[in-house]
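> Can you look at this prediction? I've put the sequence above it.
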Amino acid sequence: MPELPEVETTRKGITPKVLNQTVQKVIIRQHQLRWEIPTSLPETLAGLVINKISRRAKYLLLKTNKGHLIIHLGMSGNLKILPRDTPPQKHDHVDIEFDNGWLLRYHDPRRFGAMLWTEEPIKTFKLLRHLGPEPLTDEFSADYFHRQCLKRKVSIKVLLMDNKCVVGVGNIYANESLSKSQILPTRIANSLSLQEAENLVKNIKVILEKAIEQGGTTLKDFSAPDGKPGYFVQQLAVYGRAGQDCGACGTPIQKIIQAQRASYYCSTCQN
DNA sequence: CAGCGCCCCTGCCCGC
DNA sequence: TGCGGGCAGGGGCGCT
């Protein structure tokens, strides 16, 4: 479900009801996510104030003065803000209740997500330590990206989804960025010219920013914490459009599998 | 280290 | 209508 724009939409959505609020109670109905939720989390969090809500890659970071609650939504997770006594439904695994009467509810059918706690500095936390730059920062520049390309022999699509190179670009936006940049997903990374890398970097930023503006992409069941769907799905040029005509030239969109993930492209527009 | 394939899990859609 | 197979927005991990 969530790539960077969806996680960012979630972060913005929960902030008004969660920031500076005190945790009153934590209910865990299902501990088994990607990693087991610490059994001690309810007692750890009780009474703590969430004093910052940020994002690193696709991880949401809820800071308290004792440590960070780290939430990942995996493929199918979402967070909802609900009135405290809303009855739970299937796959509603965790509730975090606040003093202000609102509830932060974690829902994740496939349970590929995670909810972890760390008291060490967030930058050295194991899962975050080796991550590449955020795509929407200046650190993710054409020069940087082209240097990364030159030393890699994988396809450009696979490189875009490698968190050591750049974070937050998942399958939808990798395909869409390559489409907009007129680069085939199968191109070997080190074959990109500086101009192509520059263009690709620019388009990744443009597409992610536009997707954030539109509340992300709702394919099946993603929605913001207030229940609103994301509207970027209307902008998709290639993702999920196998067999349909390319909007620019009419050639049917192709679908192939790379690294166990679907890639979509126009064989006329992309080279 | 780079590259690659394997999984974790549920739900839905499609073809028979 | 029922059932089996394939596929889905992620990404850490273990192997070569």
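On my side now, so go ahead. Residues are numbered from 1 along each chain as shown, chains lettered A, B, ... in the order given.

> so A:Leu82 is in which element?
Per DSSP states H and E, A:Leu82 falls inside strand A:78-83.

> I should have written A:Glu198 there, sorry.
Going by DSSP H and E, A:Glu198 is in helix A:194-213.

> So is that helix next to DNA strand C?
No - Helix A:194-213 stays clear of DNA strand C (Cβ under 7 Å from any atom of the strand), getting no nearer than 10.6 Å. Every residue, glycine included, has its C-beta placed from N, CA and C.

> hey, C-alpha coordinates of that helix in CSV?
Extracted in CSV, the C-alpha atoms of helix A:194-213 (Å, rounded to 0.1, in the frame of the first residue of the first chain):
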residue,chain,number,x,y,z
LEU,A,194,24.4,12.4,-16.7
GLN,A,195,21.6,14.1,-18.5
GLU,A,196,19.3,11.1,-18.1
ALA,A,197,20.2,10.8,-14.4
GLU,A,198,19.5,14.5,-14.0
ASN,A,199,16.1,14.2,-15.7
LEU,A,200,15.2,11.1,-13.7
VAL,A,201,16.1,12.7,-10.4
LYS,A,202,14.0,15.8,-11.3
ASN,A,203,11.0,13.6,-12.3
ILE,A,204,11.2,11.5,-9.1
LYS,A,205,11.0,14.7,-7.1
VAL,A,206,8.1,16.1,-9.2
ILE,A,207,6.1,12.9,-9.1
LEU,A,208,6.5,12.3,-5.4
GLU,A,209,5.6,15.9,-4.6
LYS,A,210,2.6,15.8,-6.8
ALA,A,211,1.5,12.5,-5.3
ILE,A,212,1.9,13.9,-1.7
GLU,A,213,-0.2,16.9,-2.8
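
> Residue of the stretch 51-200 of chain A closest to DNA strand C, please.
Closest to DNA strand C within the stretch 51-200 of chain A is A:Gly170: 2.1 Å, counting by Cβ to the nearest atom of the strand.

> pretty sure that residue is touching A:Leu4, no?
Yes - the pair A:Gly170 / A:Leu4 is scored as a contact, 7.4 Å apart, by Cβ atoms under 8 Å.

> joint contacts of these two?
Common contacts of A:Gly170 and A:Leu4 (Cβ atoms under 8 Å, 6 or more residues apart in numbering): A:Lys58.

> More neighbours: which of those two?
Neighbours were counted for A:Gly170 and for A:Leu4 using other Cβ atoms under 10 Å; A:Leu4 has more, 24 against 21.

> Break down the stretch 101-250 of chain A into its helices, ranges please.
Remark: helices assigned in the stretch 101-250 of chain A by DSSP state H, counting those that start in this stretch are A:126-129, A:142-150, A:156-160, A:171-180, A:194-213.

> Check which helices and strands the longest one sits against.
For helix A:194-213, the contact count by 3 or more Cβ pairs under 8 Å, 6 or more residues apart in numbering; DSSP states H and E identifies helix A:4-18, helix A:142-150, helix A:171-180 as packing neighbours.

> relative to helix A:194-213, how tilted is the first one?
Right, the one you point to is helix A:4-18. Helix A:4-18 and helix A:194-213 meet at an angle of 30 degrees, taking axes from the mean of the first three to the mean of the last three Cα atoms, to 10 degrees as the criterion.

> And for helix A:4-18, what's in contact with it?
Contacts of helix A:4-18 (Cβ under 8 Å, 6+ apart): A:2, A:50, A:53-55, A:57-60, A:62, A:73, A:78-79, A:81, A:98, A:100, A:102, A:104, A:135, A:167-170, A:173, A:208, A:211-212, A:214-217, A:222, A:224-226, A:230, A:232.

> Out of those residues, which sit inside strands?
Those of these mapping onto strands are A:Ile53, A:Ser54, A:Arg55, A:Tyr59, A:Leu60, A:Leu62, A:Asn78, A:Leu79, A:Ile81, A:Phe98, A:Trp102, A:Leu104, per DSSP state E.

> is it true that the fourth one touches A:Phe125?
No - using Cβ under 8 Å, A:Tyr59 makes no contact with A:Phe125, being 9.0 Å away.

> A:Ile253 contacts A:Gly240, doesn't it?
No - with contacts counted by Cβ under 8 Å, A:Ile253 stays clear of A:Gly240, the gap being 9.1 Å.

> Name the nearest residue to A:Tyr264, sequence neighbours excluded.
Excluding its sequence neighbours, the residue lying closest to A:Tyr264 (Cβ to Cβ, 6 or more residues apart in numbering) is A:Val238, at 4.0 Å.
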